[in-house]
Every structure is written in C-alpha cells, then in structure tokens.
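K.L.:
Would you be able to build a 3D model of this:
(4 chains)
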Number of protein chains: 2
Amino acid sequence: MIATINDVARVAGVSISTVSYALSGKRPVGEKTRRRIEAAVAELGYSPNAGARALAGRRTYILAVTEPLRPDTYTPAHMAFVLATATAARNYDYDILLLTQDEAAGGLQRVTNSRTVDGVIVLDVLAEDERADLVRALGVPAALVGLPADTTDLVCVDLDFAAAAELAVDRLVEAGHRVLGLLGQPQVAYQRGSNYPVRFRDAFLARARERGVEARFASPEATIADTRAAVAELLGPEGDLTGLVMHCEDNIQMRTLDDLQERGLEVPGDVSVISAAATFDTSTLDPPLDVIPLIPAESCSRAVELTIDQMSGLVEPHVELIAPTYVERGSTAARRT
Amino acid sequence: MIATINDVARVAGVSISTVSYALSGKRPVGEKTRRRIEAAVAELGYSPNAGARALAGRRTYILAVTEPLRPDTYTPAHMAFVLATATAARNYDYDILLLTQDEAAGGLQRVTNSRTVDGVIVLDVLAEDERADLVRALGVPAALVGLPADTTDLVCVDLDFAAAAELAVDRLVEAGHRVLGLLGQPQVAYQRGSNYPVRFRDAFLARARERGVEARFASPEATIADTRAAVAELLGPEGDLTGLVMHCEDNIQMRTLDDLQERGLEVPGDVSVISAAATFDTSTLDPPLDVIPLIPAESCSRAVELTIDQMSGLVEPHVELIAPTYVERGSTAARRT
DNA sequence: CTGAAAGCGCTTACAG
DNA sequence: CTGAAAGCGCTTACAG
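P.N.:
Here you go, the predicted structure:
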C-alpha cells in the first residue's frame, strides 16, 4: 500500500542503500542513478518512515519544546517564542513536540528516555527551574531560552536585558533627561522567578545612578486603574519626569500612551518614551515608539541551532547573551529647556 | 549504555516477548514473572525506544495538532485549545506535534506520509480550509474542532453555536426583554471564514425574530473607541436595550461592563448581560456574568478520542455538536416594568 | 503461562 | 560509483 524504500529501489533498479544515500546525500551518487531514484520517489510518493529512520539512524528529527504557559503569564508573548522555535526547527528539518505545564518535568523525562526527541528547547525559564536541573541530569542536547540561577553545564540563550536597560538609560540621559521612570511588569513577575524582569530593573536603576540621574520604578498589575496610578506615581507630584521606559505588555503600553495624552503630555515633546524588550510591533502604537526589541526568532533560532549542534558534540555549555539593538521611531527627543 | 528490552529480559530472566507483553498488557503474564520484570525495569530505568516501538507496532503515539495562529486571531483563546488537546492526548498516552501556519498543509502531508504521527487534530477550522481537504485526501485518522463548509467524510466536533445563541435569546425573552443586542466579533471574523461567529449571529437574529423581539447586532474592532461606539449603537438613541449578549474577547467584555457602569446602567438592574461562547472565566468580571461557556477541554478531548478510535476503525465520519449549557451568575434579571 | 523468531523500514559500516 | 548485509529495538503471530 504505502511505498517503502524497497519499492523505490525496485522501481529505480538499484539497491536500497543507494536510495538511502541518494536521499540523504551522505555518499555521492551517480548523476543518472540519482535521476532514476528521484523519478521513482516521485512516482511512488515515497517518504521515509519516521520510525524506521529513527531506529536505524538514531535521530528522530523532533525537538521537545517545554513552555509551561502558566496562568499568570501573558500568552501572546509566550506563544511568539513557541512559534519562533517551530519555525526555526523547520529550517533544520525538525518538528516540535509541545510539552505543557502539567508535565513539564515528567514529560521531559519521558520523551528523552524513550528517544522520542533528539533534544529539548526550554522556554520561559525561571531562576529556580526544575526543568533546568532535569536537562542537566539527563544530559540531553538542550538549550534554554532565558537564564536559570545556576547555568552550570547548560546552554542558555537570552537577550542581554541588562545591556538593554543600559542602552535605554544612556539614550535618555544623552538626550538630556534627568528624571527617568521604568514602567515594569506586575509584581509577580519579579517574585516568581523569571529573572529577566529583575535583570532589566536592576540594570536600569544601577545605570541611572551611575549616570547621576534620578530613576523611578513602578510595577503595576495589568489593569487600567493600576496602570493609571503607576503612571501618576512615575510622573511624580511635580510632573518632572521626562524619560519613560516601558517594559510591560502591549495593552499596558497602549493605555499608558492614552493616559499621557489625556494628561496633555506630548510624546516626545514632554516625555520621551522607549519600549523595551517588546515582542510586539511598536510601530503601530500611537505614537509609534522607539524600541529595543526582544526578537523571539533571534533567541529561538539560536537555541535550536545550539541544540542540534550538540548532537554532533560541537557545543560546550555556555551562556549567550544577545546584544540589544535600538530602533528609532521618533518617540524620544532632547529635553525641553 | 541506555537500557533496551534485551537488558530487561536478561535481568528478569525471561524472554523479550514476555517483557513486551508484560508492559503492554496485551497478554496475561504470571504474577511473579511480572514482578521480576517490573523490578528489572525500575532497576535499569528502562523505557521503550519510541522509534522501535513505532516501527514494530505501527503506532507512534504522537498526534499532529494544526493551529494556524493567524496574526488577526486572539491568541489566548486559541492556545486554550492547543493546551486542552495536549492534555487530552496525554490521557491516551499520546504526545502532540505542533504544526503552525507556514506549514499547515505541507506539514500535515509530511508528518502523515512519513508516519511521524498516528492522527491529526485540526484546530481553528475555516469554512473553506485546505487542511480539511487534505485530511480527507490523506485518509488519516483526524478530527476537526470546528466546521468546514463541506464536512463530507470528515469527523468534526464543535460547540453547537446556533443552540447557544438560541439559549441566550430564550433566556432573555423569558425574562421579559424585548430589545436584545449582540456584541459580536470584529468584522474580519465574519468574513474570513471561521463560521462559528456567523452561526452564532444568524441563530441569534433568527431566534429573536421567531420570538417576536427586536434584535440588534454590532461588530466592533477590538479597540476601546470602537467598542464604545458599538455599545452606544446597541443601546440605541432611546436607550431601550435591556438584554445584551456578548460574543467577543475578554478585554472587550471587560470594557463594555465598565462602559455600562460609566453610563449609569446597572447589571442586571437595567441591562441583563450574558457572555456567550467564552473560553475565559466570567466569574471574575465585575459583575460576574452569566455564561454559556465554550469549553476547550470538552471539544478537544472528544476530538482526541474520536481520532484515536478511528485507528481501530470504530468511528465513521460525522459531525458532533456539543449541547450548550447555561451557567448562572446573577447578571440577568426580569425586565423592569 | 512463556519463548524463539520473523519482520517492521530504515542507516551505515564493510566490500568491491 | 554501487551493493549485500548487519543491525537498530521493538511487536506479534506462531508454537508449545
């Protein structure tokens, strides 16, 4: 019924090993032989049996992706990473197997022990993350997108959040701003353990201190009321804030821009605004925002690449921090004097 | 290095077939034999090689899930279905392979032809959906969550959106309301081809006509301004609307409740409100809303079940519409007279 | 209740 | 440049 490599070999009049090599390219195959094989493959609609290929070749061409999608996290941003991983994987001929919350650790163990997957991509990493320990213990090819507290023996990729914060501060300071504010994520983000919000905040505050400017920080819940209060707090009783950095979800950024407008504050006339580590498009905001983007495709394709390279022993444990870039959209300006 | 069934057999002092049968339960195994096997499995940390199992047993225990996650769709609701599918699959010892947009059709073809998966779950089905045609052509075990225009030869599961709309209308009519409004989804949802918004809207309007009440419909974009205008339109110049059904994303429902409050309209005193086909929790809204829920776990676990049963030839092509249920939370009341 | 063995469909040394 | 064959690690008739 369904064609096997034997059928292809018979139709092409060659041995199955030649078919295999012709398809994998692991051994040169004569021009006309290859053409006959290709014709047979097309005629029969042949595609190699994944199980057989996995058993014989010790490669499944499947990568596990673990993304807990905890109830308190912001789905679209997290999904962007899953999608980016899927896309990157396909570039290496890999598919992804999705492991979700209830099974994060157990599932990882199961799919690696059973050799269902060749490697693992760990998303939404917490400072203390059992998946990190498990990956270390299993010794399976893996890359984490994000940094656990202990990165020993691990391959990790992440945006350099500290450098991103510094870049934002520098940019504002150099435009003459002396009072900066960071509109951060909800409290839980700083407590729960993803450490990137902390890395960003700490670097923001430290850099401001270094540069001798005042820095304020607010951490509102994702509600209209809380956001409004946080913005008021950042602006200060005297309304002397002129540089605002937003490291929060798109809704909040939108509302904050509305809020500034309602207060009669112009961007960038009165307040310079930078969106930091955004995974969404800030060019469609009103006004469009300067951004130091967090590009899922970047970290994820690197993570996939590093994982696959581990299979050939080409990669040692290490941490890669991706340098931030600054995209100008006209939402910052020199401070009014 | 890594234990195989041969190691287990040797340690347990039995043949590999007995090990296999003991683990699969497909043949009775003597009490003490089984215990020795279990001990060996535990000692060696054995878990069957997925590739070998797939090759010999013709089952991969992997299901493909195709969810396009188009840019214009609302991520959290869609992810709820992916997650529900993953959870349901695990109950049958299945994992899921995630197929995304760029590869919807090509990927389906690839993973079924290569026998990477045993079956397919199709999410976010459009009226005209190439994935439906492909599934039909491939003859692979599959279930669609949602209805394409042509369901011939297909297994489909979905909430009965028409019945849900009728339930909402009946409820309001029976409480004495004579002017009803439907706050629907953005225009694109009605045009693009997911047909559930259409099914809901049409049944809503038809039922209202049947029951002899006035029905209004609005289809705002997911912005504050558009939503506000839509609510105003539904309320009407005379503000005579007293029954509101919302079939839209959670943000919009929240804003609408705020809006009603700002207008000094009480729920349910002035307006009775029902949330329809919501995948989110309406009990945390202010006020909590009566809801006819759309429960991803329900459709998805049924879809998984139907797909797996097709592998044993137990299922014929058919459409299953899930009967809607009404959850009362106090947001509807008899019309004030 | 249990075992020996064929076979699933590939990949990859080994040979020529 | 190509082939014959071993072997990957299971499942499942077939036998007893």
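
K.L.:
make it CA atoms for all contacts and neighbour counts henceforth
P.N.:
Will do.

K.L.:
Which residues are in contact with A:Pro68?
P.N.:
Listed by Cα atoms under 8 Å, 6 or more residues apart in numbering or on different chains, the contact partners of A:Pro68 are A:99-102, A:104, A:123-124.

K.L.:
Pull the residues that contact the helix or strand harbouring A:Leu167.
P.N.:
Assessed by DSSP states H and E, A:Leu167 sits inside helix A:161-174. Applying Cα under 8 Å, 6+ apart, the set of residues contacting helix A:161-174 from outside is A:180, A:196, A:199-204, A:207-208, A:211, A:213, A:243, A:245, A:272, A:274, A:276-277, A:292, A:323-326, A:332.

K.L.:
try 7 Å this time
P.N.:
A:196, A:199-200, A:203-204, A:207-208, A:243, A:292, A:324 (Cα atoms under 7 Å, 6 or more residues apart in numbering or on different chains).

K.L.:
Please report the distance of A:Leu294 from A:Leu83.
P.N.:
As for A:Leu294, its distance to A:Leu83 is 14 Å (criterion: Cα to Cα, to the nearest Å).

K.L.:
Now do the strands in the stretch 51-200 of chain A.
P.N.:
Counting by DSSP state E, counting those that start in this stretch, residue ranges of the strands within the stretch 51-200 of chain A are A:62-66, A:95-99, A:119-122, A:142-145, A:155-159, A:179-183.

K.L.:
Sheet partners, orientation included, of the first one?
P.N.:
In other words, strand A:62-66. When pairs are called by DSSP bridges, strand A:62-66 turns out to pair with strand A:95-99 (parallel), strand A:119-122 (parallel).

K.L.:
what does the stretch 51-200 of chain A have sitting close to chain B?
P.N.:
The stretch 51-200 of chain A comes close to chain B at residues A:51-52, A:54-55, A:75-76, A:96-98, A:113-116, as judged by Cα under 7 Å from any Cα of the partner chain.

K.L.:
Output those of the residues you listed also counted as contacts of DNA strand C.
P.N.:
A:52, A:54-55 (Cα under 7 Å from any atom of the strand).

K.L.:
Ranking by neighbours, what's the top pick from the residues you listed?
P.N.:
A:Ala54 (23 neighbours; other Cα atoms under 10 Å in any protein chain shown).

K.L.:
Apart from its neighbours in sequence, what residue is nearest that residue?
P.N.:
A:Thr60 (4.7 Å; Cα to Cα, 6 or more residues apart in numbering or on different chains).

K.L.:
And the spatially most central residue of chain A, how far from DNA strand D?
P.N.:
Computing the C-alpha centroid of chain A and ranking residues by Cα atoms, centre = their mean puts A:Pro296 first, at 3.6 Å. Note on A:Pro296: its distance to DNA strand D, by Cα to the nearest atom of the strand, to the nearest Å, is 36 Å.

K.L.:
Contact partners for that residue?
P.N.:
A:Pro296 neighbours (Cα under 7 Å, 6+ apart): A:80-81, A:84.

K.L.:
which stretches of the stretch 201-337 of chain A have low pLDDT?
P.N.:
For the stretch 201-337 of chain A, no stretch is flagged by pLDDT under 70.

K.L.:
mind listing the strands for it?
P.N.:
Counting by DSSP E, counting those that start in this stretch, the strands of the stretch 201-337 of chain A are A:214-218, A:243-246, A:272-276, A:290-292, A:318-322.

K.L.:
Among those strands, which comes closest to B:Pro288?
P.N.:
Closest approach to B:Pro288 among the strands of the stretch 201-337 of chain A (Cα to Cα): strand A:214-218, 29.4 Å.

K.L.:
Run through the helices of the stretch 51-200 of chain A in chain order.
P.N.:
A:75-90, A:104-113, A:130-138, A:161-174, A:187-192, A:196-210 (DSSP state H, counting those that start in this stretch).

K.L.:
Save these as JSON lines, and put in mean neighbour count too.
P.N.:
JSON lines is the format used below for the helices of the stretch 51-200 of chain A (neighbours: other Cα atoms under 10 Å in any protein chain shown):
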{"stretch": "helix A:75-90", "mean neighbour count": "21"}
{"stretch": "helix A:104-113", "mean neighbour count": "19"}
{"stretch": "helix A:130-138", "mean neighbour count": "18"}
{"stretch": "helix A:161-174", "mean neighbour count": "22"}
{"stretch": "helix A:187-192", "mean neighbour count": "14"}
{"stretch": "helix A:196-210", "mean neighbour count": "20"}
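
K.L.:
Which of these comes out lowest on mean pLDDT?
P.N.:
The weakest mean pLDDT among those belongs to helix A:187-192, with a mean of 86.

K.L.:
what angle sits between the helix holding A:Leu167 and strand A:214-218?
P.N.:
Note on geometry: by axes from the mean of the first three to the mean of the last three Cα atoms, to 10 degrees, helix A:161-174 and strand A:214-218 are set 130 degrees apart in direction.

K.L.:
chain center to helix A:161-174: distance?
P.N.:
21 Å (Cα atoms, centre = their mean, to the nearest Å).

K.L.:
I'd say the residue nearest to A:Ala54 and A:Asp118 touch.
P.N.:
Yes. Taking contacts as Cα atoms under 7 Å, A:Thr60 lies within contact range of A:Asp118: 6.0 Å.

K.L.:
What does the closest residue to A:Leu83 other than its chain neighbours show for phi and psi?
P.N.:
Spatially, and ignoring its direct neighbours in sequence, A:Leu83 is nearest to B:Thr100 (7.1 Å; Cα to Cα, 6+ apart). B:Thr100 adopts backbone torsions of phi -110, psi -170, taken as degrees, to the nearest 10.

K.L.:
so how far is DNA strand C from B:Thr100?
P.N.:
25 Å.

K.L.:
Test for you: state the pLDDT assigned to that residue.
P.N.:
Per the predicted model, pLDDT is 87 at B:Thr100.

K.L.:
Pull the contacting residues for it.
P.N.:
Contacts for B:Thr100 (Cα under 7 Å, 6+ apart) come out as B:66-68.

K.L.:
Which residues of the stretch 51-200 of chain A lie near DNA strand C?
P.N.:
A:52-57.

K.L.:
Tabulate those residues (a markdown table), appending distance to A:Asp259 and pLDDT.
P.N.:
Shown next, in a markdown table, are those (distance: Cα to Cα, whole Å; pLDDT from 0 to 100):
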| residue | distance to A:Asp259 | pLDDT |
| --- | --- | --- |
| A:Ala52 | 60 | 97 |
| A:Arg53 | 58 | 96 |
| A:Ala54 | 56 | 96 |
| A:Leu55 | 60 | 96 |
| A:Ala56 | 62 | 96 |
| A:Gly57 | 59 | 94 |
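
K.L.:
Which member of the residues you listed is positioned nearest A:Ala232?
P.N.:
So of those, ranked by how close each gets to A:Ala232 (Cα to Cα), first place is A:Ala54, at 59.1 Å.

K.L.:
B:Ala54 versus the closest one, what's the distance?
P.N.:
With Cα to Cα as the criterion, A:Ala54 and B:Ala54 are 9 Å apart.

K.L.:
and the strand or helix carrying A:Glu38, how far from the chain's centre?
P.N.:
In this assignment (DSSP H and E), A:Glu38 forms part of helix A:31-44. Taking Cα atoms, centre = their mean, one finds helix A:31-44 lying 41 Å from the centre of the chain it belongs to.

K.L.:
Which residues outside that helix are in contact with it?
P.N.:
Against helix A:31-44 from outside (Cα under 7 Å, 6+ apart): A:3, A:8, A:11-12, A:19, A:22.
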